[in-house]
Structure formats: C-alpha cells, structure tokens
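Student: Generate a structure from the sequence data that follows.
(chains A, B and C, ligands or ions: 2)
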Amino acid sequence: MAAITRDDVAHLARLAHLEMSNEELDRMAGELAVIVDSVKSVSEAAGADVPATSHPIPLNNVFREDVVGHVLTVEQALSGAPDAAENRFKVPAILDEE
Amino acid sequence: MSVDEILDYDSAFEKYEPVLGFEVHVELNTKTKMFSSAPNAFGDDPNTNVNEVDLGLPGVLPVVNKAAVESSIKIGLALNCQIAETCRFARKNYFYPDTPKNFQTSQYDEPIAFDGHLDIELEDGEVFRVEIERAHMEEDAGKLTHMGGAAGRIQGADYSLVDYNRAGVPLVEIVTKPIVGAGKRAPELAKAYVAAVREIVKNLGVSDARMERGNVRCDANVSLKPIGQEKFGTRSETKNVNSLRAVEHAVRFEIQRHAAVLEAGEKVVQETRHWHEDTRTTTSGRPKSDADDYRYFPEPDLVPVVASREWVEELRATLPEPPAERRKRLKAAWAYSDLEFRDVVNAGVMDLIEETVAAGLKPAAARKWWMGEVVGRAKAAEVEPGELGITPAVLVEVAALVDGGKINNKMASQVLDGVLAGEGTPEEIVAARGLAVVSDDGPLLEAIDAALAAQPDVAEKIRGGKVQAIGAIVGGVMKATRGQADAGRVRELILEKLGVEG
Amino acid sequence: MNQEIIRSTAAQLAEKLAAKELSAVEVTQAHLDRIAEVDGEVNAFLHVNTQEALAVAGEVDAARAAGEGLHALAGVPIAVKDLIVTVGQPTTAASKILEGWHSPYDATVVKKLRAAKMPILGKTNLDEFAMGSSTEHSAYGPTRNPWDLDRIPGGSGGGSAAAVAAFEAPLALGTDTGGSIRQPASVTGSVGVKPTYGGVSRYGAIAMASSLDQIGPVSRNVLDSALLHEVIGGHDPFDSTSLQESWAGLADAARNGDVKGLKIGIIKELHGEGYQTGVENRFNESLELLKAAGAEIVEVSCPNFQYALGAYYLIMPSEVSSNLAKFDGVRFGLRVLPEEGPMTIERVMAATRAAGFGPEVKRRIILGTYALSAGYYDAYYGSAQKVRTLIQRDFEAAFAQADVLISPTAPTTAFKLGEKLNDPLAMYLNDVATIPANMAGVPGISIPGGLADEDGLPVGIQFLAPARQDKRLYRAAGALETLLEEKWGGPLLAQAPVLGSKALGGAK
Ligand SMILES: [Mg+2]
Ligand SMILES: [Zn+2]
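Tutor: Numbers count the residues shown, from 1 in each chain, chains lettered A, B, ... in the order given. Ligands and ions are numbered 1, 2, ... in the order given. All right, here's what the predicted structure looks like:
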C-alpha cells in the first residue's frame, strides 16, 4: 500500500486550494492510497526508450493570424462575477494582515 | 517593516564577488493576444479588451498567435540563440486572481530559443558578454488594483479590483545564465544589459519597449560568494524593477544587503524581494516554499510549434542591423568624437541625425542643429527630441536659408520658434515675420557711416591696423538695423570704407 | 399522434418535416410534452428550454412555408449535455459551483445546431464535470435508467442517454472522455459515438481532460448518430486540436451498412473474465450474426490495454486538476466565504472550491495534483504518457489485422443506484473497455446488442476504428443494427418498459 499520509493530502489540498476538514483529509488519504496502489503498475509498463504521447492525434503549427476578433462587452464580461466594482472583478484582500 | 542593514559598497567587494541573473519579460506589440483574438492594447477602459478566452471562462481553448511566435523567434535570433526545431507550451499551475485560469500558459523544458549571448558595452567601451540561457513564450496576467489601504499597496488593502485587459498579452521571458565576473561594475552592467535588451526588442519592432508602461520588466537575481569560491551563494530575486535606474540601484542595494548579512555571520534567505523606488531599497517578499510546486505539464490544448530551418532563415533575413553595430557604423561614418557621439546618443537624437543626413545635411551640421536648437527645447518641454515637432526636413530647410545668406543664425532660431508655434513652413515664417538679412548695401552704408561717426576713436584704431576693434562698429550697425543685417557683409563694407585689409 | 412523433427517429422526423407532414412546432411540442410527462421520474434534464425551442421550431416552419432552403435536420429537436455552454440557458456541469451560471458565448457545436435550426430542448444531467460512470455524482440528483428506474443510466452522460432512451429527445449531444457517451448508451439500449479525437470541436465543452475529451452524438439508432455527426463535425479554428477532415458520407455509410468481407477483430483483452455472462452471451451472438453476414472475425491482442485504466487514472485527473483550477469564485460562479479566520482571496478560493465541488471531483483534483507534483511527475504522469504510446502501438498492430475492432462496451449491465457510489475503484472499472479509444484518439460507437439473460437489461456492443476512419464505424454498426433488429422484430428500445403516468402503449 502506498504511503500517503494525512499531511501529504493536506499539502496537496493547499496546492489545489481545497479547504478540507480533518475527517476529509483522513478519508482522502485512505482513498488516494488505494487508487495510487492500483495505478502504480503504470510506472513499470514502458521502458525508457518509449516516447511520451501527449496528443492522441499528432498535429503541429496550428496558428491564428494576428487579426483582431471579437470581444465581450464589459457587461458580458462581468455578468457571472460574484462581485464587481468600477467595471472590474472585486476580490477580497490578497494578503492576510491585521 | 524592518530596515535591512547594508554594508558600505566598496567593503562588500573586499571579500565577496557578486553573481547576477536576470529574467526580463518583454511584452510583444502584436495586434492580438497570445492565445485569443482580443486586442492587445494599452490604456483602454477595464475589461473591454477581453473575450471569453482571456477571462478563462468554462469551455474556452487557446489558439497560438503566429505573429507572436515569429516575434519570439526574432528575439531569439537577435540574442544569438539557437531556435528549437520543435517546442511546446506547458501549464504553470498556481492560483492568483490576476491569472484567469489559475495556470499560466508558458514554456517549461522546451523553450523556443536557447543558448545565446549578448555583448554589452559599458560606458567606457569595455565589452562584457552575457550568456543567455533561454527565451520562452508565455502570456501576461491581468492587472490588480489594491483598494482601501495606503497608496494602492497590496499590504493593508481591504480588497482588490481585477482588470483582465492585459491578461493574455504575449510575453517573451529572457533568462540569462549566471553572470560572474562583473565585480564592482555589476550594477552598471545590470543597467546596461536591460538597456540593451530593451533596445534590441525596440529595434526589432516586436515591442513598444516602454518600461514605464511595463513593456519591459526585469527581475534581478543577486547572490554573493566569497572571492575565489566556485559555489554560488544563496540568491534573492528582486521582482519588477522597472526602470533602468532602478535596475542599477536594486542590484547595488542587494549586493550591499547580502554582504551585511554574510558579514554578520548569517545566512541569506532565498526569497523574492520587493523594490521600492522611493527609498531605493528592497524588502522581503515571499520566501521560497513548497507552494512553488508549479506542477508543470505539457499544455494539452495546444500542439507543438515546429520551426523549420527555412522559416527561421526567412525571419533572420528580416532582422534589422543590431543596434550596437549600427552605432559603430554611424559614429565612423559621421566622424564624431567619442564625446560628441555619446552626447548624441544620450540626447536620443542619433536616429534623427541619421534621417537629417539622409535628407542632405552634412553630419557636423546635423549634429549642430539637433544638439544646439532642438535638444534644449525638448528638455524644457519635457518631451523626446523627436516628439517636439521639428522634423529633419524643417532643419534641412532652415539650414539652407542660413547657408544661402537669407537669414542668420539668430533668425534661424526665431524661425524654429515659429515652426513650433504652428506658423507654417520656415519660408512662410521668414516672410511673415519679416526675417530677412538686409542685403541692399545702401541702407547698410548709411548705418556704417553713422556708427563710425558715433565712435571716431574706434574708427581711428581700425585704420591704425587694430582690426579686432571692428566688433564695436559691427555691433552698432547690427543694433541700428535691429539685427537684420548680415554681419559678415557689414564687416566687409566697414573694412572697405576704412581702406583696411581684413 | 404524440406517441408516433416521439417514437420516430431523427431521420424519420426530418423526412416528415420536409414533406410538411409534420410541423417543427408539433415535433418540438411533442417532445416538450414528453419531458413534462416523464422527466419527473427520469431526471434527464437539468433545464428545459421551452420558449427558445418553440421559437426556433416556429422559425423553421416559417422558413419552410416561405420555401427557403433548410438543413435536412432543421426542426428536429435535440438535447445538449450540460457540460456544453449555451447562450440563453444555464450551464452547470451538474456542479454547485456553476449553479445559475449563464455563458456569454456558445460552444462551437451549439453554433452548428443553431445554424442547422435544430431546436434545443434543454440541458441534460451528468456526473459533476463529467466525472463518473453513473450520473449519481450530479449535484442535482441522479438520472434514472428508463429500463429500470432503480438503476443507473451510465455516466457521465446519463442524462443524454436517458433522454433519448425515454423518448424525450430523438437526439442528444454527449461528451466522452473515458466512455461517457458509449457506456451510458450501452446501459440504456441507445446509440452513442465518440468521434476521432479532433473530429468535433471541443470549444465550449467544459474541459475535464483536454487530451481525452470529445463531443459526440447520442441517438436511438446508428443513422441518426451519423446525421448528427455530420452536423457537428469539422474543423474549428477555435480548437487547436481540431482536425481539417470533413465528415460527409457518414450517414451514407450508416444507411449502406455492410460487413461482407470486413475484417472484424475481437480484442482478446476486452471480454471474457470480468464480463457479466449475459454481456458475453449477447456479444457472442453479435459475432455469430456478423460472421453469418460475411464478416471475417479475427482475434487480436492488445497486451498494453491492461495498463490503460491505470494510465487513464493518472492522465485524466492530472488534466482535471489544472482544468478545474479556474473555478475559484473570482470571475464566475459560486463564491463562498470562509466561516472563520482571515478573509483573504486564497481562503475564499479554498472555501468556494470546498463547498462547490462534490467528493468525486475533489478526489480527482487531489489525485491529479499528486500525480503532477514535484518528484512524482516522471513516475506517474510521464509514465502514463508512455503507456499511451504503447496503447497506440497496440491499436496500430490490431488495425493491421482488422478493419474494425469489436468488444462489449461495458463489462456489466446497469447496476443499482448507490451500489458502487462508495467504491471508486469499482466505479472506475466500468470504463475498462471504453478508455483505450480515448487514450489513442480513435473513434468508437456503442449500439444495443440485446438484453442480458440474467437481468433483462441492455447490453452494448462497441466497434472501434482507426483514427479518422469514423465512416467504418457507421458501416459496421449500421450492418449489425440491421441484423439485430431483424432478429428482434424492431428496435431494442421498443421492448423498454412504458414510462409516464398515462399508459402509453408501446410499439409492441
Ligand atoms: Mg520566471
Ligand atoms: Zn515569466
């Protein structure tokens, strides 16, 4: 069984910006260990000489000409925003300070 | 905020030598963004240059701007880099509200350009080679404005507002290899390097290169190592040092700060530093942490860029002459002294002089007119000389009027005032202002007679061979004619009248 | 009348509309009525688009009356998986985090539906962000299988499959990342196609795993899928992975289905052990029919398929962890404030994502974050990408021996709601036969293969073809469908139990 601790999951949750309770961390650590165990054979399946495939159908040089296309109106742009002010998206403070 | 100790600059070099590194971000001046067809434009109303791609709305996909790729290749070539036969985009994953997808589409292990170098000429002509590690393509982030705190600072802000107009603007990030051996000239080299990069991208026409607009932004890495030691010390990364002067000062400050830390027997912290223009100091930013695990992986929504050798050569053929070579060529062609040429370059009139010479003026005359008549006015008006409103064509016309004896130098200056006041062409201004050298000898002879009569003792001296005394008589004539006389002609007539050889 | 309309295929409706035997408004209204009647039980739809659908139908009727040229499918209504963005209707991805969100832009496929004037009936249910094989992971309640309301309709596109199987729509759009079109088709007795990767634009399909996702048709027969595939397929400059191919001729291939001389390869690794007996039986029966019709059946081996599921569960969550980062409560969707402590944007993002995502989504985000994180990339993501190469090589070798490949679509028939909800690994195994196609980008189709002996529930037969050879799928599947329907005396769905409060009297 892969050793995945609650601290590992807490670190991953921090990276992924997912708030998790202690129970969630424990449960996730258990589930993750099982899943990782079941997929770990993958790391031995291919030798060093096998190239990686990131695109199933290989293409290259797909470009767009530098010609201005459509824009959204400010109203459209902000239409889904949870909060906005002065035609901009409004977010809480970035730094944690008293 | 604690104030860091710094060590006296010269003392820092008794034991340590600095190692520098730069990451310079260049915003390309393409018409559209890196991955969307929304306009790439500066200064527009917030969130008006965005479409769904720039906002990272659900379901959107990126498409690469071909012009941005070509500009990137040109930058790579101008930095003497190899251009990758094939390269890819990657995702750099981190959460920040100015980053719409919470990842930046960038390049990771496969930059489009790598292994280059740039020869940097310092003020005294010493040339220092800076090795370029890589230049890669990526996208800019949106703009945050911090509200509710002091003076727009992130510290103490209550909330922030986000404008995504800049999100997705194409960037090329140029990364140097560690720069060793600059010694005490490190700050000077830092400034000269960023200036050279700025000049190159401007010369290529791929960026507006205006640092005050953030078109060219510099992160400066500094570390110190004991003299003779191979291993580099711990580095700090001062972010967003966005003027040439600031680059110089920031490197200088960090050298002094690191030296003080090391002298105190402490360890330099690997961290980002913030630059403060007002105090010319840096303050501690964010220490390097496990949150810097960016989980790079190849961007699955984009396909590789394959730069065929034909394509690269086609682009190479379009490159303009490199700025340093051009300067060398012009200085020799114009036969300026080192000092003259440096003044011309520093005054920002080299290109203008080149145009003026092309339009027919001799290099010496072109320099005289630009440096003597335009640069001072531009400085007073706080604009670049080229933006003042006097063109090479105007100067050619005015110089012709002077050379033809129609006006004198003093009048020429008035004509230029007239041009700036929008009074028309030099010819029109000469006519309208009645600025013409009096060339009819009749009125001149009358004035000469009057002047000689008024100063008989001076006339006597001249007759006696003291020709240098003639200035007083010429001055009297010029005064009487309100400066409209041709001083040379006046002098000739006086000598003739007094029967003296000039 | 309504019964006749809703039980017609898309092709039949198109003919009757063209012949002015039916109006588009009648056709659309009949389906809206059917939705009103049965969707309380089925829960295939998250949103019903009544007004706009009828308005588009009205335009079609007016245009036809005025003698204007119309697309062959104009006036034939369609349902759209709620993972695909639409102007004028909410798009939720079946997640709380997008509850009530309206896209300001249309997906490319939606633009194509609008250009063809196909009335959009509404948005169908799915596993949240398409993550699941049962549609139980929807934040808005599960969709139920029209064959047995206590069973799952497959997933993630259970809503689209159930909508066509319950005669609420003749056509639907799905998305298939690891089988999300084909597996629901299999367990609901309907048809679903995953086109060649890049054959249909992904622009506007909310990304789950970019290198695997593909939009495709959902219908009740092979021809209808082909007709829809021709509408939505083709190059899109907004999708860099979109292919230049044109997809004309798919419907002709479906109509002229024929397997005489066709080499059909049985994938050794994708049947037998682990497959339900009834599934195996129906699969073998189809092989016999194909053989009798002149197909040459060969056995092929794809040894690296054993790693496909594992590699998929590394690549997919890795891409998921990055694709779903944008759901942060800043630009759109839900924002949740932390209950205590400092109110920073980081904490607001973390609280929003914690409240907005369901457990399966979180599981995959954490798994993907792990697979990409420093020190693990090579062992996990990097190795999985290599396995992809091995799977492609297996397909190449197999297609050197056979024109198309065949397998059961899913190892089992529909299981009971809740049965596998707390066992992620058991849930993942449903996709064992569908995932290889996504890993290699090749096209696949699932068609009904009959009912399993032990539970009387639908079994799916999957055909796979080489990349860009989607036409072969329609040719082979069209032929098998004809053979099977001859045997059954009509479509399999005619045997489905009657739904709805009013007794409807099935076709049989
Ligand atoms: Mg950097
Ligand atoms: Zn950068």
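
Student: Quick check: residue B:242 touching residue B:211?
Tutor: Yes. Counting by C-beta atoms under 8 Å, residue B:211 is a contact partner of residue B:242 at 5.6 Å. The C-beta positions use only the backbone N, C-alpha and C, and glycine is treated the same way.

Student: Need the residues touching each of these two.
Tutor: Taking C-beta atoms under 8 Å, 6 or more residues apart in numbering or on different chains as the contact rule, residue B:242 and residue B:211 both touch residue B:217.

Student: Residue ranges in chain A under the pLDDT threshold?
Tutor: Scanning chain A for pLDDT under 70 picks out the ranges A:1-2, A:97-98.

Student: quick one, longest strand in it?
Tutor: If you go by DSSP state E, chain A has its longest strand at strand A:88-92.

Student: For the lowest-mean-pLDDT helix or strand in chain C, which outside residues touch it?
Tutor: Least confident helix or strand, chain C: helix C:424-428 with a mean of 86, by mean pLDDT, DSSP states H and E. Residues outside helix C:424-428 that contact it (C-beta under 8 Å, 6+ apart): A:31, A:34-35, A:38, C:132-134, C:309, C:313, C:360, C:363, C:420-421.

Student: can you narrow these to ones near chain B?
Tutor: Among these, not one lies near chain B by C-beta under 8 Å from any C-beta of the partner chain.

Student: Tell me who's in contact with the closest residue to residue C:497 other than its chain neighbours.
Tutor: Closest residue to residue C:497 apart from its sequence neighbours, by C-beta to C-beta, 6 or more residues apart in numbering or on different chains: residue C:147 at 6.6 Å. Residue C:147 sits next to C:165, C:188, C:189, C:414, C:457, C:458, C:496, C:497 when contact means C-beta under 8 Å, 6+ apart.

Student: re earlier: for chain B, tell me whether the very next helix or strand once past the least confident helix or strand of chain C is touching it.
Tutor: Toward the C-terminus, helix C:424-428 is succeeded by helix C:435-440 as the next helix or strand (DSSP states H and E). No. Judged by C-beta under 8 Å from any C-beta, helix C:435-440 makes no contact with chain B; its nearest approach is 12.4 Å.

Student: Packing partners of helix C:435-440?
Tutor: Other helices and strands packing on helix C:435-440, by 3 or more C-beta pairs under 8 Å, 6 or more residues apart in numbering or on different chains; DSSP states H and E, are helix C:308-323, helix C:383-401.

Student: Let's have the ones you listed in a markdown table, adding mean neighbour count, mean pLDDT and distance to residue B:111.
Tutor: Putting the helices and strands packed on helix C:435-440 into a markdown table (neighbours: other C-beta atoms under 10 Å in any protein chain shown; pLDDT from 0 to 100; distance: least, C-beta to C-beta, whole Å) gives the following:
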| stretch | mean neighbour count | mean pLDDT | distance to residue B:111 |
| --- | --- | --- | --- |
| helix C:308-323 | 27 | 97 | 20 |
| helix C:383-401 | 21 | 97 | 20 |
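
Student: can the ones you listed go into TSV with extra columns for distance to chain A?
Tutor: Below are the helices and strands packed on helix C:435-440 laid out as TSV (distance: least, C-beta to the nearest C-beta, whole Å):
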stretch	distance to chain A
helix C:308-323	4
helix C:383-401	4
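
Student: For those, give me a markdown table that also has distance to residue B:252.
Tutor: Below are the helices and strands packed on helix C:435-440 laid out as a markdown table (distance: least, C-beta to C-beta, whole Å):
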| stretch | distance to residue B:252 |
| --- | --- |
| helix C:308-323 | 40 |
| helix C:383-401 | 47 |
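
Student: Which one of these lies nearest to residue C:85?
Tutor: When those are ranked by distance to residue C:85, counting by C-beta to C-beta, first place goes to helix C:308-323 at 14.3 Å.

Student: ok, back up a step: strands - which of the contacts of residue C:147 land there?
Tutor: Assigned to strands by DSSP E, the following of the contacts of residue C:147 qualify: residue C:458.

Student: ok, how many other residues are close to residue A:34?
Tutor: 14 (other C-beta atoms under 10 Å in any protein chain shown).

Student: before we move on, what SS does it have?
Tutor: Look at residue A:34: counting by DSSP: H, G, I helix; E, B strand; the rest coil, its state is helix.

Student: how far away is the closest residue to it other than its chain neighbours from residue C:313?
Tutor: Leaving out its chain neighbours, the residue that sits closest to residue A:34 by C-beta to C-beta, 6+ apart is residue C:425, at 6.5 Å. With distances taken as C-beta to C-beta, to the nearest Å, residue C:425 is found 9 Å from residue C:313.

Student: what touches both of those two?
Tutor: The contact sets of residue C:425 and residue C:313 overlap at A:35, A:38 (C-beta under 8 Å, 6+ apart).

Student: Test my guess that residue C:430 contacts residue C:409.
Tutor: No. Using C-beta under 8 Å, residue C:430 makes no contact with residue C:409, being 9.8 Å away.

Student: In chain A, what residue spans correspond to strands?
Tutor: Ranges of strands in chain A, per DSSP E, are A:63-64, A:84-85, A:88-92.

Student: Which one of the ones you listed lies nearest to chain C?
Tutor: Among the strands of chain A, the nearest to chain C by C-beta to the nearest C-beta is strand A:88-92 (4.8 Å).

Student: any residue of the closest one up close to chain C?
Tutor: Yes. With C-beta under 8 Å from any C-beta as the criterion, chain C is reached by strand A:88-92 at A:89, A:91, A:92.

Student: Take these and write them to a markdown table, including neighbour count and distance to residue C:198.
Tutor: Listed next are these as a markdown table, based on neighbours: other C-beta atoms under 10 Å in any protein chain shown; distance: C-beta to C-beta, whole Å:
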| residue | neighbour count | distance to residue C:198 |
| --- | --- | --- |
| A:89 | 28 | 33 |
| A:91 | 26 | 36 |
| A:92 | 23 | 41 |
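
Student: Looking at these, which is nearest residue C:373?
Tutor: residue A:91 (26.1 Å).

Student: from memory the closest one sits against residue B:96, does it?
Tutor: No. Using C-beta under 8 Å, residue A:91 is not in contact with residue B:96, being 10.1 Å away.

Student: circling back to that earlier point, show the pLDDT at the residue nearest to residue C:497.
Tutor: Per-residue confidence (pLDDT) for residue C:147: 98.

Student: And it, its phi and psi?
Tutor: phi -80, psi -30 (degrees, to the nearest 10).
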